[in-house]
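J.: Quick one, what's the 3D model for this:
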Amino acid sequence: MQIKALYISGKFTILIPVLEFLLVWIGLPILIFSFLRWQIPGWIIFLSFIATFVLALALSVLTYGFIRRLSRERYGTLSLENDVLIYQSGRRRGTIDLKTPHELLIYAGTSGTYEPAAQLYFRKVGLIIHLYGASREEVLSVFSEPYFVEELSILPEEGLWGFKLLADEPEHKRFFFALLESAWQNREKNECYKSFTHYPWHEKPKPAFKRIKVIKTDSMTAEEKEFIDQLLKQVVDKLEDSYIRATPDYLVGWAYKTLKSNWTGIPDYYFIMPIGHVQVEVSRPRPDWKPFIIGHIVVEALNTLGGSGGSHGGITLHDKRYLYVRGRGEDGKKLELAFDWYNLTDSLYEESKRFVQFANR
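T.: This next block holds a predicted model:
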């Protein structure tokens, strides 16, 4: 089975728009100030970069449609035989054998103001196949794992690349669902799917209580310690370095609040959070001020003792995200707990997404 389909290049959806933005925002003022030999006040330079940022953003939005239209005449081919996908667009050509280990993510739903669509994203090779006009229900009728099939987030009109198939074209739709059927038959070879299956998605949580238990380590009973030990043996996630773990019925978290706990490695508090009675949410990235400020204080102290005026060049301000767990405490009042969480660049980011999805299911 072979089809011909439009291929939208990432060069037109991402690379050129980003370069255009950077050239206007940073390149334009640098060029102007270079001609003036930088003989201008610093506050003017600062305001100029703010002005060019706004200008670059406006131009990027206004010209994005035109840049996208430049890519509309490129077509490629897709073929599928015996669970082997062959794709070609221009000089780019590749083969994916679904009977061998591969990485495939599946999306289906709606995105912004656009029509329903589905996506197959072969992550390792960066290949994306879009089918416009396909409903989530149609996708789940073939790949019947709703927790694995993620809600649609981005389409080519919003900055993504890939082959664009139309459900109105019978050959396109037949090809896409044949490929989806092949993906389902070979799902055990899909590394993304295998990392998904270690959660008991279809088991209804059955916690013995509905309120969040806060257990102080110094005063916990033998029964409480045994309960925590049993829960930690039932952990189903793979976030080994996290301060919160998931079991089929509970989330178990802990906190180090004192120097003693950090020294001994024994938490000051344990938190037992019943799944189904708590809500989990990940915060947006925010500056992590604590190590930044402490680092500066330490450097200043060392410089003072050493009598030198060393720089702070090695100390940078990093962003941090938090996992919020909200529910009710044993007194019935609302309780919110926060745990350090993973950033997009962390190796366990995908696993952390599954964790949140599992806790909120």
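
J.: Could you report the neighbour count for residue 173?
T.: 19 (other C-beta atoms under 10 Å). Quick note: C-beta positions are derived from backbone N, CA and C, even for glycine.

J.: tell me which element it falls in.
T.: Using DSSP states H and E, residue 173 sits within helix 170-185.

J.: For that helix, buried residues please.
T.: 172, 173, 175, 176, 177, 179, 180, 182, 183, 184 (16 or more other C-beta atoms under 10 Å).

J.: what's the spacing between it and its chain's center?
T.: Chain-centre distance of helix 170-185: 26 Å, with C-alpha atoms, centre = their mean, to the nearest Å.

J.: okay, whichever helix or strand comes after that helix in PDB with CA atoms only?
T.: Using DSSP H and E, the helix or strand that directly follows helix 170-185 along the chain is helix 191-196. In PDB, the C-alpha atoms belonging to helix 191-196 read as follows (Å, rounded to 0.1, in the frame of the first residue of the first chain):
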ATOM      1  CA  GLU A 191       9.300   1.100  23.700                       C
ATOM      2  CA  CYS A 192       6.900   4.000  24.500                       C
ATOM      3  CA  TYR A 193       4.000   1.500  25.000                       C
ATOM      4  CA  LYS A 194       6.100  -0.800  27.100                       C
ATOM      5  CA  SER A 195       7.100   2.100  29.500                       C
ATOM      6  CA  PHE A 196       3.400   2.800  29.800                       C
END
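
J.: name the helices or strands packed onto helix 191-196?
T.: strand 104-109, helix 349-360 (3 or more C-beta pairs under 8 Å, 6 or more residues apart in numbering; DSSP states H and E).

J.: Strand partners (parallel or antiparallel) of the helix or strand following the shortest one?
T.: Elements were assigned by DSSP H and E; along the chain past strand 104-109, the next helix or strand is strand 117-122. Paired strands of strand 117-122, with direction, are strand 104-109 (antiparallel), strand 127-132 (antiparallel) (DSSP bridges).

J.: Could you give the number of residues near residue 102?
T.: When neighbours are counted by other C-beta under 10 Å, residue 102 comes out with 20.

J.: For it, list the residues it contacts.
T.: 96, 122, 124, 189, 190, 191 (C-beta atoms under 8 Å, 6 or more residues apart in numbering).

J.: could you dump stretch 95-115 to CSV, C-alpha only?
T.: What follows is stretch 95-115, C-alpha atoms only, in CSV (Å, rounded to 0.1, in the frame of the first residue of the first chain):
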residue,chain,number,x,y,z
THR,A,95,12.4,2.6,6.9
ILE,A,96,10.6,1.6,10.1
ASP,A,97,10.0,-2.1,10.8
LEU,A,98,7.2,-2.2,13.4
LYS,A,99,8.1,-5.9,14.1
THR,A,100,11.3,-4.6,15.7
PRO,A,101,11.8,-2.2,18.6
HIS,A,102,10.7,1.3,17.8
GLU,A,103,9.3,4.4,19.6
LEU,A,104,5.8,5.5,18.7
LEU,A,105,3.5,8.0,20.4
ILE,A,106,-0.1,8.4,19.3
TYR,A,107,-2.3,11.5,19.7
ALA,A,108,-6.0,12.1,18.9
GLY,A,109,-8.3,14.9,19.7
THR,A,110,-8.7,18.6,18.8
SER,A,111,-6.2,21.3,18.8
GLY,A,112,-7.1,25.0,19.2
THR,A,113,-9.7,26.0,16.7
TYR,A,114,-8.7,23.3,14.2
GLU,A,115,-10.8,20.2,13.3
